[in-house]
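Novice: what follows is a predicted protein model with its sequence.
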Amino acid sequence: MVRIKHRYLLFNILYPTPTTSASPSSSTAPPDNEKAYIHFSRPSPSHLNTSLLLSLIRSSITFNFGTYFAALTAPALRLVYFSARTSTGILRVPRAHAKVVWASLTMMDTIPIPSTKGGPSGSPIGEEVKCVLQVVRVSGTIRKSEEEVLRRARREVARARRDVEEEDQRVLDGLVGGGSQHVSDSTRFMRGEEEGIEDDDEAEEDVD
């Protein structure tokens, strides 16, 4: 009996546009001191669940590659993990057609918003949320994908802590007249170098 081979695509959903709000000033661009990765990496809309996301992925495969590839990928296509809080998911795909599904994810750029009838808070029919689906790792086992999710989560926590420490250092430098500015600059440079080293293996493809 031949075992069916799979690949696991770890992906992030990024939101390049700011969230909408009733206040006109809130829809403007984020302030300069706001980190880009915080602005793009935010929780997904509350209505986006596993079934809806999987349906959108299947629709993207059908639209871009036709019903033939949609039928080939359908039996093995499964969203094994999705977190709306972190906008992260793991998609199981057939190994032979992993690149087809990968391309379909890349071509997805919107998430529809369900319309609600009546009241000023109702969403107009056809309104959509702009998004980018970024595949960050292809693994041969789900365990490798889970390990990558944990590694990235730890890295984001460490990055946020460094940002807070650097902000505190800038405030302290301002209070003491900038006497330790050269220390802060060298620290930021070294941390930037370390972060670059950590990011070198993000595109690594595991073919276990």
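Specialist: Structure received. Owing to the predicted nature of the structure, the values given are computational and were not obtained by experimental measurement.

Novice: packing partners of the helix ranked longest in the chain?
Specialist: For the chain, the helix that runs over the most residues, judged by DSSP state H, is helix 142-175. When contacts are defined as 3 or more Cβ pairs under 8 Å, 6 or more residues apart in numbering; DSSP states H and E, helix 142-175 packs onto strand 6-14, strand 78-83, strand 88-94, strand 132-139, helix 181-198. Just so you know, the C-beta spots here come from the backbone N, C-alpha and C atoms, and that holds for glycine as well.

Novice: the strand or helix carrying G66 vs strand 88-94, what angle?
Specialist: Per DSSP states H and E: G66 is located in helix 50-73. With axes from the mean of the first three to the mean of the last three Cα atoms, to 10 degrees applied, the angle from helix 50-73 to strand 88-94 works out at 20 degrees.

Novice: remind me what helix 50-73 packs against, helices and strands.
Specialist: Applying 3+ Cβ pairs under 8 Å, 6+ apart, we find helix 50-73 packed against strand 78-83, strand 88-94, helix 98-107.

Novice: compare the ones you listed and give me the one nearest E147.
Specialist: For E147, the closest of the helices and strands packed on helix 50-73 is strand 88-94, at 11.3 Å, according to Cβ to Cβ.

Novice: who touches the helix holding G66?
Specialist: With contacts defined as Cβ atoms under 8 Å, 6 or more residues apart in numbering, helix 50-73 is touched by 74, 77-79, 82, 89, 91, 93-94, 96-97, 100-101, 103-105, 107-108, 111-112.

Novice: lowest average confidence, helix or strand, in the protein?
Specialist: helix 181-198 (a mean of 50; mean pLDDT, DSSP states H and E).

Novice: before we move on, the earlier item: buried deepest among the helices and strands packed on helix 50-73, which one?
Specialist: For the helices and strands packed on helix 50-73, the largest average neighbour count (mean count of other Cβ atoms under 10 Å) is found in strand 88-94, namely a mean of 22.

Novice: helices or strands next to that one in the packing?
Specialist: In terms of contacts (3+ Cβ pairs under 8 Å, 6+ apart), strand 88-94 is packed against strand 6-14, helix 50-73, strand 78-83, helix 98-107, helix 142-175.

Novice: ok, 7 Å please
Specialist: Counting contacts by 3 or more Cβ pairs under 7 Å, 6 or more residues apart in numbering; DSSP states H and E, strand 88-94 is packed against strand 6-14, helix 50-73, strand 78-83, helix 142-175.

Novice: so where's the chain uncertain?
Specialist: By pLDDT under 70, the low-scoring segments of the chain are 1-2, 18-39, 115-126, 177-208.

Novice: please repeat the previous calculation with a cut-off of 50.
Specialist: Applying pLDDT under 50 to the chain flags the ranges 21-33, 118-124, 179, 183, 193-204, 206-208.

Novice: what residues does C131 make contact with?
Specialist: I13, L14, Y15, D109, T110, I111 (Cβ atoms under 7 Å, 6 or more residues apart in numbering).
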